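Engineer: Need a 3D model of the following:
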Amino acid sequence: MSAEPLLSVYLLTGSDRPKHLRALRRLRARFGPEAVEHLSAESATGADAVAACNALGLFGGHEGGRLVIVEGVERWRKTDLEAVEAYLHNPVEGAVLALSAEGPLRGATLADLIGKHGQVLDYNVPKANNLHRWVAGELKRLDVKADADAARALVELVGEDTLALSSEIVKVGSWSGGEPVGRAEVEQLAAPSREAAAWALTDAWGARDLPTLLDACELALEKKEPFLLAVGLASHVGRVRAAQVLDEEGLGAREIASRLKIKEFPARKALQHAERYSRAELDAALVRMADLDAAIKGASRLSSELELLRALIDVTRPLEQPVSST
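Structural biologist: Just a heads-up that it's a prediction; the model follows:
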């Protein structure tokens with residue numbers, strides 16, 4: 001796209017959003033800043049996009065070209081497509097219409113239309129269970145010396161959002177400075193997804209860091225109900241207990257992840273946390289979390305927030321120093 005003659009219209013589809021952005025960047029590089037207009041299909045109709053292309057004579061660049069980019073065209077309806085179709089029968093010379101779909105299209109009508117008058121660029125990433133292969137390819141494209149485990153760790157930590165993954169890949173590549181990158185470096189550098197960021201409470205419990213745990217709980221209570229926090233922590237304690245048992249049987253992190261049907265990153269977390277608690281302490285913690293569940297559901301006259309805080313103290317302190325439950 002950077003050297004070939006430009007067509008009147010392009011459609012970018014598929015799940016590889018970083019590749020969409022690179023393609024649009026190459027397109028923009030062929031026009032001056034004053035000749036590029038950005039629209040969003042959330043507010044701009046097909047007729048609006050056509051009008052922007054027809055404004056070439058008034059707002060085109062100094063070389064006479066004009067690029068109109070419309071994001072989110074999967075939102076467009078029949079009337080929008082009809083307006084674009086009518087325009088494409090007689091497009092303005094020098095004007096390029098770039099349509100970018102942020103999600104699945106509603107049927108094949110738009111793709112068929114653009115394929116007839118321009119070019120459809122369908123970029124996709126592998127399904128979730130093979131997403132690490134795409135990450136490995138992106139790392140290689142940036143000349144980052146990363147092993148397969150580093151690619152898997154990025155997916156486990158960041159999630160399946162390709163834009164977030166792309167950002168973290170660039171960060172890891174910039175940090176590496178040509179040095180090899182493995183799982184340890186990724187876990188140290190990459191920013192976790194929102195789901196992983198919610199692990200602040202369980203991480204503090206796993207570290208037996210009571211002050212940090214109580215602070216994390218206070219922040220979490222601003223967004224979640226005590227019951228949800230209690231359920232999440234109870235689930236994590238159970239996972240740590242199971243990981244501890246499997247570790248004692250000689251299984252590694254990958255085998256434990258498979259046995260527990262979780263990803264390798266949370267399995268490694270569970271193993272780290274299991275090192276700080278004895279089997280008796282984890283058994284007692286599971287019993288205490290069951291008591292907390294009953295208390296929140298009405299067995300206690302205390303507030304759910306207070307019951308949660310009391311339970312957090314109980315399950316974090318050494319077993320010989322419990323705080324009595326009401």
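Engineer: ok, D112 to K261 distance?
Structural biologist: 41 Å (CB to CB, to the nearest Å). For the C-beta atoms, the positions are set from N, CA and C on the backbone; glycine is no exception.
Engineer: Compare these two and say which one has the larger neighbour count.
Structural biologist: Higher neighbour count among D112 and K261: D112, with 10 against 6, using other CB atoms under 10 Å.
Engineer: Give me the helices and strands touching the helix or strand harbouring the more buried one, please.
Structural biologist: Secondary structure from DSSP states H and E places D112 in helix 109-117. With contacts taken as 3 or more CB pairs under 8 Å, 6 or more residues apart in numbering; DSSP states H and E, helix 109-117 sits against strand 9-13, helix 78-88, strand 119-122.
Engineer: for these, which one sits closest to R152?
Structural biologist: strand 119-122 (26.2 Å; CB to CB).
Engineer: Would you mark the buried spots in that closest one?
Structural biologist: Residues of strand 119-122 classed as buried: 120-121 (neighbour count, 16 or more other CB atoms under 10 Å).
Engineer: what about that strand, distance to the chain center?
Structural biologist: In terms of CA atoms, centre = their mean, to the nearest Å, the centre of strand 119-122 is set 25 Å apart from its chain centre.
Engineer: Point out the other helices and strands that that strand packs with.
Structural biologist: Checked by 3+ CB pairs under 8 Å, 6+ apart, strand 119-122 has strand 9-13, helix 109-117 packed alongside it.
Engineer: Pull up the pairing partners for the shortest one, direction included.
Structural biologist: As defined by DSSP bridges, the strand partners of strand 9-13 come to strand 95-100 (parallel), strand 119-122 (parallel).
Engineer: Report the inter-axis angle for the first one versus helix 78-88.
Structural biologist: It stands for strand 95-100. 150 degrees (axes from the mean of the first three to the mean of the last three CA atoms, to 10 degrees).
Engineer: May I ask you to confirm that E71 is in contact with A41?
Structural biologist: Yes. At 6.6 Å, E71 counts as touching A41 under the criterion of CB atoms under 8 Å.
Engineer: Poorly predicted segments of the stretch 1-150 of the chain, please.
Structural biologist: Low-confidence segments of the stretch 1-150 of the chain, defined by pLDDT under 70: 1-3, 57-64.
Engineer: Okay, buried residues for stretch 304-312 please.
Structural biologist: Neighbour-count burial for stretch 304-312 [16+ other CB under 10 Å]: 304, 307-312.
Engineer: Now intersect those residues with the helices, please.
Structural biologist: Among those, the members found in helices (DSSP state H) are 304, 307-312.
Engineer: Is it possible to get a markdown table of the residues you listed that adds pLDDT and distance to E185?
Structural biologist: Below are these laid out as a markdown table (pLDDT from 0 to 100; distance: CB to CB, whole Å):
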| residue | pLDDT | distance to E185 |
| --- | --- | --- |
| S304 | 95 | 41 |
| E307 | 96 | 41 |
| L308 | 96 | 36 |
| L309 | 96 | 36 |
| R310 | 96 | 39 |
| A311 | 97 | 36 |
| L312 | 97 | 32 |
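Engineer: Confirm L39 sits in a helix?
Structural biologist: No. Using DSSP: H, G, I helix; E, B strand; the rest coil, the assignment for L39 is strand, not a helix.
Engineer: A242 - how many residues pack around it?
Structural biologist: For A242, using other CB under 10 Å, the count is 18.
Engineer: can you check the one 5 residues further on too?
Structural biologist: Using other CB under 10 Å, D247 has 18 neighbouring residues.
Engineer: In this structure L213 contacts D314, no?
Structural biologist: No. Counting by CB under 8 Å, L213 does not reach D314; the two are 11.6 Å apart.
Engineer: by contact count, what packs against whichever strand or helix holds L27?
Structural biologist: If you go by DSSP H and E, L27 is part of helix 17-28. Here helix 17-28 touches strand 9-13, strand 66-71, strand 95-100, helix 162-176, going by 3+ CB pairs under 8 Å, 6+ apart.
Engineer: one more time with 7 Å, if that's ok
Structural biologist: Applying 3 or more CB pairs under 7 Å, 6 or more residues apart in numbering; DSSP states H and E, we find helix 17-28 packed against strand 66-71, strand 95-100, helix 162-176.
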